[in-house]
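S.K.: Sequence first, then the predicted structure, then my questions.
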Amino acid sequence: MIERQHQILQYVRQHKVVKLVTLTKEFNVSMETIRRDVQQLMHDKKIEKFYGGIKYIEPVEGIIDQRLHEQLAEKIAIAKACASLVENGECIFVDSGTTTYQMTPFLLNKEKLTVVTNSLPIAFDLIGSNIEVILIGGKVRHSEKSVTSNEFLFRFEHLNINKAFICASGVSIEKGISDFSLDEAITRKQIISISQTVYVATDSSKFNKDVAIQVCPLTDIDVIITDNALSKKTIQHFSDKSIQIKVVNIEENQS
């Protein structure tokens, strides 16, 4: 059911305005089933209903505290998968964002680890641990509790990052990785350019969506890590373009 709702949302996102009867034919389910799915999507504030149909609600970026509990199970599962890729002794970048923030408890058992971050909450969570923390210098972005930097304020070229874990507000074949903030995008571009391996950690709701600022094309990314609500059609579409996607099973992580 969750996967169908996600597919319905993607369909409405692409077509902007859709009649309910069209959805019954497209997904080969009853009107009653479609109404239940639509009701849930309305409750999640993903779509709006009008007489005979529904329309997509274009997302806007909320402050980080508001987004922390949205799709939490998906974010924790993705974060756990990201942390499992980290080896002892590495230097990693952990991006500011609600998905990468969930990585911190899974990193605490790593030895001789260095975490570079622009996230104040991540830095605070790691204080008192055995992990060495490097907080990039620059301007504090209050809504995200993050630090955005540039070459005049922080010398990125001195960092030797083995693995970077980047967040995204939008992921698409055409526009790549995108974000709402120009400052965040600039910081991520610089990190991506100096990292040996780049992972994008993002839940399935961000796929087939472009927001304000392009961070990088998908060719700059090594692996996208997401949850199993992503449709098989979308996975195949990305695979056809030689883009590697690692899908995490939410149910297994909850058991």
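M.R.: Structure received.
S.K.: what about K45, which SS state?
M.R.: Of the three states, K45 takes coil according to DSSP: H, G, I helix; E, B strand; the rest coil.
S.K.: Now for it, how many residues are close by?
M.R.: Other residues within reach of K45, judged by other Cβ atoms under 10 Å, total 9. In short, each C-beta sits where N, CA and C put it, glycine included.
S.K.: Go ahead and confirm it touches S205.
M.R.: No: between K45 and S205 there is no contact under Cβ atoms under 8 Å: 12.0 Å.
S.K.: All the strands of the stretch 101-250 of the chain, residue numbers only.
M.R.: All strands of the stretch 101-250 of the chain, identified by DSSP state E, counting those that start in this stretch, fall at 114-117, 132-135, 139-141, 146-148, 161-166, 170-172, 176-179, 195-201, 213-216, 223-227, 245-248.
S.K.: Pipe these into CSV and attach distance to Q39, mean pLDDT and mean neighbour count per row.
M.R.: Listed next are those as CSV, based on distance: least, Cβ to Cβ, whole Å; pLDDT from 0 to 100; neighbours: other Cβ atoms under 10 Å:
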stretch, distance to Q39, mean pLDDT, mean neighbour count
strand 114-117, 39, 95, 22
strand 132-135, 44, 91, 16
strand 139-141, 36, 70, 14
strand 146-148, 35, 70, 23
strand 161-166, 34, 97, 22
strand 170-172, 26, 93, 23
strand 176-179, 30, 94, 23
strand 195-201, 30, 97, 22
strand 213-216, 34, 93, 21
strand 223-227, 22, 96, 23
strand 245-248, 27, 96, 18
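S.K.: will you turn the ones you listed into JSON lines that also has distance to R188?
M.R.: Listed next are the strands of the stretch 101-250 of the chain as JSON lines, based on distance: least, Cβ to Cβ, whole Å:
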{"stretch": "strand 114-117", "distance to R188": "12"}
{"stretch": "strand 132-135", "distance to R188": "16"}
{"stretch": "strand 139-141", "distance to R188": "13"}
{"stretch": "strand 146-148", "distance to R188": "10"}
{"stretch": "strand 161-166", "distance to R188": "6"}
{"stretch": "strand 170-172", "distance to R188": "13"}
{"stretch": "strand 176-179", "distance to R188": "7"}
{"stretch": "strand 195-201", "distance to R188": "9"}
{"stretch": "strand 213-216", "distance to R188": "5"}
{"stretch": "strand 223-227", "distance to R188": "14"}
{"stretch": "strand 245-248", "distance to R188": "19"}
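S.K.: Of the ones you listed, which is nearest V29?
M.R.: The minimum distance between V29 and the strands of the stretch 101-250 of the chain falls on strand 223-227, with 22.4 Å, by Cβ to Cβ.
S.K.: what packs against the closest one?
M.R.: For strand 223-227, the elements it packs on are helix 72-83, strand 195-201, strand 245-248, judged by 3 or more Cβ pairs under 8 Å, 6 or more residues apart in numbering; DSSP states H and E.
S.K.: which residues make contact with the second one from outside it?
M.R.: So that's strand 195-201. Applying Cβ atoms under 8 Å, 6 or more residues apart in numbering, the external contacts of strand 195-201 come out as 78-79, 82, 85, 93, 95, 97, 99-100, 103, 161-168, 171, 177, 192, 220-225.
S.K.: Tell me where the model's unsure across the protein.
M.R.: For the chain, applying pLDDT under 70 flags the ranges 1-2, 52, 58-70, 141-146, 149-154, 252-255.
S.K.: Would you map out the domains in it?
M.R.: Following automatic domain parsing, the chain resolves into domains at 2-56, 64-254.
S.K.: Most tightly packed of the ones you listed?
M.R.: Most buried of these by mean neighbour count (mean count of other Cβ atoms under 10 Å) is domain 64-254; its value is a mean of 18.
S.K.: How far off centre is that one?
M.R.: 7 Å (Cα atoms, centre = their mean, to the nearest Å).
S.K.: so L20 makes contact with E32?
M.R.: No: look at L20 against E32 with Cβ under 8 Å: they stay out of range, at 10.6 Å.
S.K.: Would you quantify the distance from D227 to C91?
M.R.: 27 Å (Cβ to Cβ, to the nearest Å).
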